[in-house]
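1. turn this into a structure:
(chains A and B)
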Amino acid sequence: MSATTEKKPRLTTSAMIASIAAEGQRVKAAPFGKALVELAQSRPEIVAMTADLGKYTDLHLFGQAYPERYFQMGMAEQLLMAAAGGMAKAGLTPFATSYAVFATRRAYDFIHQVIAEENLNVKICAALPGLTTGYGPSHQATEDIAMMRGIPGLTIVDPCDALDIEQAVPAIADHPGPVYMRLLRGSVPLVLDEYNYKFELGKAKMLRDGRDVLIISTGLMTMRALETAIKLQSDSVDVGVLHVPTIKPLDEATILREAARPGRLVIVAENHSLVGGLGEAVATLLLRSRITPEFRQIALPDAFLDAGALPTLHDRYGISTDAMVQSIKAWL
Amino acid sequence: MTTNNQERSLAERAYRIRRFALQMGEIQGQGYIGQALGYADVLATAYCHSMQFRPEDPQWELRDRFLLSHGHYAIAHYAALVEAGIISEAELDTYGCDDSRLPMSGMATYTPGMEISGGSLGQGLAIGVGIALGLRHRGLQSFVYNSMSDGELDEGSTWEAAMSAAHHKLSNLICMVDVNNQQADGNSSKVLGFEPLADKWLAFGWHVQRINGNDLPSVVAAFDVARTLNEDRPRVILCDTLMGKGVPFLEQREKNHFIRVDPPEWQQAIAILDESFMNGATP
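-> Okay, here's the model as predicted:
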């Protein structure tokens, strides 16, 4: 082995609570926790519950502000969901938090039978959506949206950034019925304040228009879509971005209207498996409505994902901005 | 309801609950009738002695909540709801039929007085923890009575809830376990043994009573203790019951989770119940 060969340093696995913000990106701290604390001032019926992940879902801020309204249920997700249902039945509006993997996989029957079947006013807020940790498949919620879409009457939200989260909190509190909302925690990127955008439950919004490509995106992939659009400008590719923060119920009218515009490659981008998420939801909608543009998906593969550094993994699985740019160029 | 109702003895209440259950069983041709007969004394005590509620207003905010965690006991629960004056006797004819308010498995959205949908099993106690926490948080004094089967002791969610109830010092939570030692695949001791049961609940921080669930005076005493106990622990009543209790040929039938009853036997069973009651025998 040559003495002059330089070894490329290996990136290490990101900490569980590392921010997904890029270096130098504008961020806001703990938008969920802060928004909930603020809302709780005027809404005495709001209570908070967690399955031993209060600190890791920014719910600890609520616990500090309102200790008597904060209920620690221990590392017991089935109990968390059933008890949240019980709290709602007792006349309260519980926000119940855990990681997305545990909230959905471990407690599915309890969400389905206790909360959703009775249309109870529980707001499940779940952190570490999709691939936002390099910790491995135990913590990577790759199929949570697919699972939750199967539950009737459940509203599903995947917010893009701190602004989306801040505005979604009061919106889902006002919505009469169960909600599953993915959550970003800690230092959360802020991007949507530079677009003429307001979060509205159930509504998809065009953030920028474009002639050549339409990216229909949700969650943090909207942030990536916007970055991709800016990058592709220098290649004279004109990219539109339709942000779909509410995945169920789907804003069918807006999606159909935009996807029906002729001459555009339509791409659905999500921080979720190819299976059962926004991509498949949009695909069936388009086909049922006889709208058949050139259609692609940018999503996580149907596989158990690797452990490692997040930047590496996002590149590997095609959801980093650079990877998106490359994919789109190849498709055009 | 009429004063007639209030003057009936608990023994008569239990007899009528058994009888209503057999009537429903006959309509369906089958049902969880063994469980209904075994649990009637506990149900009579809960609804006609212990719990506070308004029959004409099943949603009365200050009511005690009875959670049927063992949703398949709906046949027994409906009988108790009739005896409690919450649903009418006439409605029993619709049990298990299309568009009925009385489905085979308890459904909260279908039936007045049905607080949860317990079909999946193992969920009631955890829901009860949430209701109890919520009621206390709102300063309401009502009790939560979670009724569950011994099979549900297998589910981990039961024990998460048990730990949590003690941790949160839920003195407004009463749990009744129907210990009849039968579950779908047979004798509980062969499927997943839960003894020593009282020791387990005690270790989990509960006040425990273990009683003969078919001896009315014992049942009444236990419910009274559970309700008036001045301790900040949740309270459990382990009720040892006999499947088919009150109808000897069903008590002696091969023990099954789902007891076989042939068509003429429904009326035979009712006749036996009637005769026992007329003779003043306590089943």
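2. can we go C-alpha only for contacts and neighbour counts from here?
-> OK.
3. so who does the residue lying closest to residue B:184 once chain neighbours are set aside touch?
-> Distance criterion CA to CA, 6 or more residues apart in numbering or on different chains; nearest residue to residue B:184, sequence neighbours excluded, is residue B:257 at 5.3 Å. For residue B:257, the contact set (CA atoms under 8 Å, 6 or more residues apart in numbering or on different chains) comprises B:32, B:34, B:182-186.
4. low-confidence ranges, chain B, go.
-> B:1-7, B:255-256, B:281-283 (pLDDT under 70).
5. now do the strands in it.
-> Counting by DSSP state E, chain B has strands at residues B:65-68, B:144-149, B:173-179, B:182-183, B:186-187, B:207-212, B:235-240.
6. pLDDT score for residue A:16?
-> If you check residue A:16, the pLDDT there is 66.
7. so who does residue A:270 touch?
-> A:217-221, A:277-279, A:298-300.
8. which ones among the residues you listed lie within helices?
-> Counting by DSSP state H, these place A:220-221, A:278-279 in helices.
9. nearest to residue B:217 among these?
-> residue A:278 (60.2 Å; CA to CA).
10. what about the closest one, neighbour count?
-> When neighbours are counted by other CA atoms under 10 Å in any protein chain shown, residue A:278 registers 28.
11. and residue A:66, backbone torsions?
-> phi -130, psi 70 (degrees, to the nearest 10).
12. okay if I get the strands of chain B as JSON lines plus mean neighbour count and distance to residue B:108?
-> Listed next are the strands of chain B as JSON lines, based on neighbours: other CA atoms under 10 Å in any protein chain shown; distance: least, CA to CA, whole Å:
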{"stretch": "strand B:65-68", "mean neighbour count": "26", "distance to residue B:108": "10"}
{"stretch": "strand B:144-149", "mean neighbour count": "26", "distance to residue B:108": "14"}
{"stretch": "strand B:173-179", "mean neighbour count": "25", "distance to residue B:108": "19"}
{"stretch": "strand B:182-183", "mean neighbour count": "22", "distance to residue B:108": "24"}
{"stretch": "strand B:186-187", "mean neighbour count": "16", "distance to residue B:108": "29"}
{"stretch": "strand B:207-212", "mean neighbour count": "19", "distance to residue B:108": "29"}
{"stretch": "strand B:235-240", "mean neighbour count": "25", "distance to residue B:108": "23"}
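13. format those as JSON lines; extra columns: distance to residue A:38.
-> Putting the strands of chain B into JSON lines (distance: least, CA to CA, whole Å) gives the following:
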{"stretch": "strand B:65-68", "distance to residue A:38": "33"}
{"stretch": "strand B:144-149", "distance to residue A:38": "32"}
{"stretch": "strand B:173-179", "distance to residue A:38": "32"}
{"stretch": "strand B:182-183", "distance to residue A:38": "50"}
{"stretch": "strand B:186-187", "distance to residue A:38": "54"}
{"stretch": "strand B:207-212", "distance to residue A:38": "40"}
{"stretch": "strand B:235-240", "distance to residue A:38": "38"}
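14. do I have it right that residue B:204 meets residue B:164?
-> No - with contacts counted by CA atoms under 8 Å, residue B:204 stays clear of residue B:164, the gap being 9.1 Å.
15. any idea which element the closest residue to chain B within the stretch 51-200 of chain A lies in?
-> Here the stretch 51-200 of chain A gets closest to chain B at one residue, residue A:83, 3.7 Å apart by CA to the nearest CA. Counting by DSSP states H and E, the element that carries residue A:83 is helix A:77-89.
16. and that helix, how far from the chain's centre?
-> Put simply, helix A:77-89 sits 23 Å off its chain's centre (CA atoms, centre = their mean, to the nearest Å).
17. who are the packing partners of the helix or strand just after it?
-> Helices and strands here follow DSSP H and E; after helix A:77-89, the next one along the chain is strand A:93-99. On a contact count with 3 or more CA pairs under 8 Å, 6 or more residues apart in numbering or on different chains; DSSP states H and E, strand A:93-99 meets strand A:46-50, helix A:77-89, strand A:123-127.
18. what parts of chain B come near chain A?
-> B:108-109, B:116-117, B:120, B:123, B:126-135, B:137, B:157, B:160-161, B:164 (CA under 8 Å from any CA of the partner chain).
19. may I have the lengthiest strand in chain A exported as CSV, CA atoms only?
-> Secondary structure of chain A per DSSP E: the longest strand is strand A:265-273. The C-alpha trace of strand A:265-273 is given here as CSV (Å, rounded to 0.1, in the frame of the first residue of the first chain):
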residue,chain,number,x,y,z
LEU,A,265,-42.6,15.6,-16.0
VAL,A,266,-44.5,14.9,-12.8
ILE,A,267,-42.3,13.7,-9.9
VAL,A,268,-43.6,12.8,-6.4
ALA,A,269,-40.9,13.3,-3.8
GLU,A,270,-41.3,12.0,-0.3
ASN,A,271,-39.2,11.1,2.8
HIS,A,272,-40.9,7.7,2.9
SER,A,273,-40.9,4.3,1.2
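20. for the residue of chain B found nearest chain A, give me its contacts.
-> Chain B approaches chain A most closely through residue B:130 (3.7 Å), counting by CA to the nearest CA. Each residue near residue B:130 by CA under 8 Å, 6+ apart is listed here: A:82-87, A:90.
21. check residue A:308 too.
-> A:11-14, A:134-136.
22. by neighbours, which of those residues wins?
-> Busiest of these [other CA under 10 Å] is residue A:134, holding 24 neighbours.
23. surely it touches residue A:19?
-> No - here residue A:134 does not reach residue A:19: they are 11.8 Å apart, not a contact under CA under 8 Å.
24. next one: residue B:209 from residue B:156, what distance?
-> Distance check for residue B:209 against residue B:156: by CA to CA, to the nearest Å, it reads 22 Å.
25. what's the answer for residue A:109, then?
-> In terms of CA to CA, residue A:109 sits 13 Å off from residue B:156.
26. which one's more surrounded, these two?
-> residue A:109 (18 against 15).
27. mind checking the SS state of that one?
-> Here residue A:109 is recorded as helix under DSSP: H, G, I helix; E, B strand; the rest coil.
28. okay, now residue B:10: neighbour count?
-> 19.
29. nearest spatial neighbour of it, chain-adjacent residues omitted?
-> residue B:44 (6.4 Å).
30. sorry, back to before: drop anything exposed from the residues of chain B next to chain A.
-> Among the residues of chain B next to chain A, those buried by neighbour count (16 or more other CA atoms under 10 Å in any protein chain shown) are B:108, B:116-117, B:120, B:123, B:126-135, B:137, B:157, B:160-161, B:164.
31. can you show me the helices along the chain?
-> Unless you meant another one, I'm taking chain A. Going by DSSP H, chain A shows helices at A:31-42, A:60-65, A:77-89, A:100-101, A:108-110, A:144-149, A:162-174, A:220-233, A:252-259, A:278-288, A:310-316, A:321-331.
32. my bad, chain B
-> Going by DSSP H, chain B shows helices at B:3-7, B:10-28, B:33-45, B:74-83, B:124-137, B:156-167, B:188-192, B:197-203, B:216-228, B:248-251, B:265-278.
33. distance of the residue of chain B closest to chain A from residue B:171?
-> 13 Å.
34. likewise residue A:245?
-> 43 Å.
35. name the residue in these two with the higher neighbour count.
-> residue A:245 (29 against 25).
36. quick one, phi psi at that one?
-> phi -70, psi -30.
37. hmm, it is touching residue A:206, no?
-> No - in this structure, residue A:245 is not within contact of residue A:206 by CA under 8 Å, at 11.4 Å.
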